[in-house]
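Participant: Here is my input, please return the structure:
(3 chains)
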Amino acid sequence: MEQVNQGVRENVYPQAAQAFGRTLRQAVINAATPAAAVLVALACGAALLWLNGFDGSDVVTVMIFGSFQDMRSVGEILLKATPLILIGAGLCVAFRCSIWNIGAEGQLYAGAIAATLVGTNFDGLSVWVHAPLVMLAGALAGAAWAGIAGYLKVRFQASEIVTTIMLNYIALILTSYLVTGPMRDASAAYPQSARLIREAWTPRIVSDMRLHIGIIVAVVLAVALYIFLQRSSRGFSLRVVGLNPYAARYAGMQVARNVMIAMCISGAMAGLAGAFEVAGVTHRLYQNISPGYGFEGIAVALLAGNNPLAAIVSGGLFATLRSGSEVLQITSQVPQVLVLIIQGIVILSVVAFTRLRDIRRIVA
Amino acid sequence: MRLSRRTFVEGVAALTIAVSIPAMAQAEDFKMGLLVPGSVSEEGWNRIGFNALKGVEEQLGAKISYVELQQNPASFEKAFRDYASQGYKVILGHGFEFQDAALEVALDYPDTYFLISSSSIHEGNVIGLNTDTSQPFYLMGVIAAKMGKKAGLVGGMEIPPIQQAFVGFKNGAKSVNPAFPISEAYIGNFTDTTAAKEAALSMISQGADFVVPNASGATVGGYQAISESGPAVRSFSIFSDFTQVAPNNILGLYVADYAQGVVEVVHSIKDGSPPKENIIFGLKDPKVISFTFRDDGPVSVPEDIRAEVKAISAKIAAGEIKTDAQ
Amino acid sequence: MDDMMFLTFLATLAGAAWRLATPLIFASIGEIFSERAGVLNIGLEGTMLVGAFCGFAAAFATGSIPLGLLAGIAGGMLFGAIFAFFTITIKADQIVVGAALNLLGMGLTAFLFRTYYVSTGKGIEIAQPVQIPFLSDIPFLGEAFFRQNLIVYSTVLVAILASLVLFRTSFGLTLRAVGEHPKAVDVAGRDVASYRYAAVLVGTGLAGLGGAFLTLGHSNQFVEGITSGRGFIALAVVVFARWSPIGAFFVSLLFGLFYALQLMLQAQASIVVPYQVLQALPYIMTIVTLVVVRGKGAAPSKLGQPYEMR
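Facilitator: Numbers count the residues shown, from 1 in each chain, chains lettered A, B, ... in the order given. A predicted model of the protein is given here:
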């Protein structure tokens, strides 16, 4: 279908504008499904509230617009979106390669631990060195943690679904051990690490807002991953492995190396997200530093259709929904768990719509 | 309490005006917000915070609102700001973990009072409210050592309110019998009732005959285990009334009416005479901490022990006994 | 510890291990049915929560444990039907749908519990232990193995039955064939989709039962997130057990054993290992086992793939 249009328009538009138009049109088509899915989910949420005696009429408005009150609240949404975009974009790469990395949560914790270690030591470095070092440590630790599962898959054919889930638990337990044991801030009553050295903190964008440069890093990296997947030969071979590992092997591609790369990229992104949570938000390591960003990131990637570029939007959307559910609880005392229901329905609607579209295309 | 969207929008509009004309803010309703780290549906810590909020609503006629933050440190600061910017006069952060975020926000909102549970801070408009749970647990330890052979303590996560309680229990027991055996286990979360139950059962099978669970939502599993193990195992009901779950085992109740304590503090703020230092509720505040014995159960604490406990309680209230010494 | 103490310790450990294993046994055997037919359902956690909630709600309303258990199974199957519709009928990706159902299960049960059941206080009367005559009087062994409730005993039956159905009936044979060579089944004139539906419904029914055990056979209350990750552990059990129901029974017991051991060793003041090490042990063990018993071997060859009729 696309090629027919291309033929017709070849003489009308210059090459670049034509490519842009195509991308834009594709983007609109691609965005239609998730947008419809979100509306369906919000409608279901409203119906659920109404059935259970709440005033459901304001769900849509509050969930989506309620959290946009001023600059600061927008900043807070972006702050929440940062880890979701990072993890979501990273998982897009893994999922494209058909690597089911369910372990972003554990990789986030691994990153947070490493970031804390680097951020609480090495006093005296300048912010230009220390802050990036913390991010690097987080990314490396996340990649290494994911690399374990990748290596076990490549070397022993151990299912990455199972190993990454196990590694999640192990990372959480390790964090609990560290903050109640060796890394505990002795002066604090609460189990937490020492405060990170100020130079290690992720710089803020505006000094009186909590939003830090992590959001910029997240968006840049998401774009970079998109380019990597779509434009590089390695990205191409990753996608081929995902579509058909046998064909990929036949074509002389190194399946094992691609699996490792996909795993480590997604792990590094999750680890970086963990580093930002510690260095940009809490400035300390806690037992519960993530409210499940690693699992929500899976949903973000799925909603984005495994496209890192779209993960920027879907990550932002999920952050908005989460903030919205907090507002909804404050204004209408609706239980915040509503957001889980809505997220679940969003995913189901997306797969349903996508499948229906595919089926219609086949029939037509 | 449930606002419709229109009132919300109007509220926001009104706020915008209120912010631009500070004098008008005075005429507004007295509002109090609450931040809890988990679900208020559990019989436990979060419910206590919620009850405090309801108490303020009922007794002081305040407008109230709460938000559950699922132990997400990244949301704390935003939630404080949301309430503060909407003109809430008092915001209760229910847990020590809220302290850092409150200190940060408090600088921008000098007219708002930030109360922090389980904290002993007093910096400007950030005031710590601490219930010294080691005191009632000290009394339980005394009773355990006098009536039992071995005690078992089942905790949720290793966090200060729980550790402090257990330290009090151990100190109390040791004051009676320095060699009194006490075993202790943490289930690592606050949701797994099954684990709390099995931990209690295993302690009981190893000879513990005085068991106290302290694991927020999962606590009920501990009482279930105690109830199933027969009347030879004794316990105390903590925070909420669990006598229905283990009617044959519970000797008495330690119920913290944190609400009453919070109401008094908020009242003083409302009247313009906020507390001058951080607040510690203890056995000296019988309105807040009630430690009572049961008489309707098949087992009860003998009169002589009651008298002794009463005497110790008076000493603790007078500050003569340190219950939380490590 | 003297010998008597040690024996008591072991007996308590074994009894606790079996109880803690029970939800895992149900859920993992259920998942084996589903995976043997080629359907990977990672939505077990959500399904178990739905079972736990429905079981609690029904028993709370009627006061009847059997009705509660039935409601738990029915709730699980209803959730399973959603999963089956998305993955089998419209052939959506199984992992995606499973992930969505986990969110949905967590959200819905918490939402409904808060709306209707907060402050149910006393909760429900749970299933009582049934002492098997004579056997329950055997020292130590009796305590561990013959003083459990009927739901716990039934795990043995379920494991044996599941094994018989899978390996000794024509239904089981076809079901496994659907996971290995769906085309052959199709050519032989049997409907692949209905077998997969059946497998998923059996699987989610059992997962619902596993969840219902938590509220009806162990704690008397529903608590948000009461499954505490057991649905994910059950997934690991399946792989660890090489897709065998009898194997799943014993692997679940092993997990239960470690969990119980962890709780019990903490209570031993003489042992100074950080309890987190013990907590992490089952998870580390799973990974090690995957490496030791390596190779795809028993995994159904079409696991996770929708069947496209040609």
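
Participant: So, low pLDDT: which residues of chain B?
Facilitator: B:1-28, B:42-43, B:70-74 (pLDDT under 70).

Participant: ok, which stretches of it are strands?
Facilitator: B:31-36, B:63-68, B:90-93, B:113-117, B:122-123, B:126-131, B:151-155, B:182-186, B:210-214, B:235-238, B:250-256, B:279-281, B:289-293 (DSSP state E).

Participant: export these to TSV and tack on distance to chain A and mean neighbour count?
Facilitator: C-betas here are computed from N, CA, C, even on glycine. Shown next, in TSV, are those (distance: least, CB to the nearest CB, whole Å; neighbours: other CB atoms under 10 Å in any protein chain shown):
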stretch	distance to chain A	mean neighbour count
strand B:31-36	8	25
strand B:63-68	5	22
strand B:90-93	11	29
strand B:113-117	11	27
strand B:122-123	15	14
strand B:126-131	10	24
strand B:151-155	12	30
strand B:182-186	9	22
strand B:210-214	16	28
strand B:235-238	20	25
strand B:250-256	18	21
strand B:279-281	13	20
strand B:289-293	20	17
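
Participant: now for these, which one comes closest to A:Val129?
Facilitator: Within those, the stretch nearest A:Val129 is strand B:122-123; the backing value is 32.8 Å (CB to CB).

Participant: Paired strands for the closest one, with orientation please.
Facilitator: strand B:126-131 (antiparallel) (DSSP bridges).

Participant: Residues contacting the partner strand, please?
Facilitator: Under the criterion CB atoms under 8 Å, 6 or more residues apart in numbering or on different chains, residues B:99, B:102-103, B:106, B:113-122, B:256, B:258, B:261-262, B:265, B:274-275, B:278-282, B:288-289 lie in contact with strand B:126-131.

Participant: hmm, the strand or helix carrying A:Arg155 in reach of chain C?
Facilitator: Element membership for A:Arg155, per DSSP states H and E: helix A:127-156. Yes - for helix A:127-156, a contact with chain C is found by CB under 8 Å from any CB of the partner chain, at A:Leu152, A:Phe156.

Participant: Could I get the buried residue list for that helix?
Facilitator: Applying a neighbour-count criterion of 16 or more other CB atoms under 10 Å in any protein chain shown, the buried positions in helix A:127-156 are A:130-131, A:133-154, A:156.

Participant: got the angle for the helix or strand just after that helix vs strand B:182-186?
Facilitator: Once helix A:127-156 ends, the next helix or strand along the chain (criterion: DSSP H and E) is helix A:160-180. Going by axes from the mean of the first three to the mean of the last three CA atoms, to 10 degrees, helix A:160-180 is angled at 130 degrees with respect to strand B:182-186.

Participant: Which other helices and strands does helix A:160-180 contact?
Facilitator: helix A:104-120, helix A:127-156, helix C:230-240, helix C:275-292 (3 or more CB pairs under 8 Å, 6 or more residues apart in numbering or on different chains; DSSP states H and E).

Participant: Find the least confident helix or strand in chain C, judged by mean pLDDT.
Facilitator: Within chain C, no helix or strand scores below helix C:141-145, which has a mean of 72 by mean pLDDT, DSSP states H and E.

Participant: Can you name the element that comes right after that one?
Facilitator: strand C:147-149.

Participant: Just checking whatever helix or strand comes next after that following strand against chain B, any contact.
Facilitator: Downstream of strand C:147-149, the first helix or strand assigned by DSSP H and E is helix C:150-168. No - against chain B, helix C:150-168 shows no contacts by CB under 8 Å from any CB, the least distance being 12.3 Å.

Participant: list the helices and strands helix C:150-168 packs on?
Facilitator: Counting by 3+ CB pairs under 8 Å, 6+ apart, helix C:150-168 packs on helix C:3-36, helix C:170-180, helix C:245-266.

Participant: Out of those helices, which is closest to A:Ala194?
Facilitator: helix C:245-266 (26.7 Å).

Participant: How far does the closest one sit from its chain's centre?
Facilitator: 13 Å (CA atoms, centre = their mean, to the nearest Å).

Participant: now do stretch B:89-99
Facilitator: Per CA atoms, centre = their mean, the centroid offset for stretch B:89-99 relative to its chain is 13 Å.

Participant: Same check on stretch B:76-93?
Facilitator: 21 Å.

Participant: How about stretch B:242-262?
Facilitator: 12 Å.

Participant: Spatially nearest residue to residue 127 (excluding sequence neighbours)?
Facilitator: Reading this off chain A. Nearest residue to A:Val127, sequence neighbours excluded (CB to CB, 6 or more residues apart in numbering or on different chains): A:Glu199, at 4.4 Å.

Participant: You answered for a different chain; I wanted chain C.
Facilitator: C:Asn149 (4.2 Å).

Participant: ok, the one you found touching C:Gln131?
Facilitator: No - in this structure, C:Asn149 is not within contact of C:Gln131 by CB atoms under 8 Å, at 10.4 Å.

Participant: Could you check which of those two is surrounded by more residues?
Facilitator: Neighbour totals were compared for C:Asn149 and C:Gln131, and C:Asn149 leads with 19 against 13 (other CB atoms under 10 Å in any protein chain shown).

Participant: and C:Asp3, how many residues sit next to it?
Facilitator: 7.

Participant: picking up where we left off before, tell me which of the helices and strands packed on helix A:160-180 sits nearest to B:Ala145.
Facilitator: helix C:275-292 (25.1 Å).

Participant: The closest one near chain B at all?
Facilitator: Yes - residues of helix C:275-292 contacting chain B under CB under 8 Å from any CB: C:Tyr275, C:Gln276, C:Gln279.

Participant: returning to what we had before: with mean pLDDT as extra columns, can I get the helices and strands packed on helix A:160-180 in JSON lines?
Facilitator: Below are these laid out as JSON lines (pLDDT from 0 to 100):
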{"stretch": "helix A:104-120", "mean pLDDT": "97"}
{"stretch": "helix A:127-156", "mean pLDDT": "95"}
{"stretch": "helix C:230-240", "mean pLDDT": "88"}
{"stretch": "helix C:275-292", "mean pLDDT": "81"}
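
Participant: Now render these as TSV, adding distance to A:Ala31.
Facilitator: What follows is these, written out as TSV (distance: least, CB to CB, whole Å):
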stretch	distance to A:Ala31
helix A:104-120	24
helix A:127-156	29
helix C:230-240	33
helix C:275-292	40
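
Participant: Surely C:Ile82 is in contact with C:Ala100?
Facilitator: No - shown here, C:Ile82 and C:Ala100 do not form a contact pair, counting by CB under 8 Å, at 9.3 Å.

Participant: Pick out whichever of these two has more residues nearby.
Facilitator: C:Ala100 (28 against 18).

Participant: A:Tyr169 contacts C:Met285, correct?
Facilitator: No - applying CB under 8 Å as the test, A:Tyr169 and C:Met285 come out as separate, 11.6 Å apart.

Participant: Residues of the stretch 201-350 of chain A that sit close to chain B?
Facilitator: So the stretch 201-350 of chain A meets chain B at A:210, A:277, A:281-284, A:286-292, A:323, A:326-327, A:329-333, A:335-336 (CB under 8 Å from any CB).
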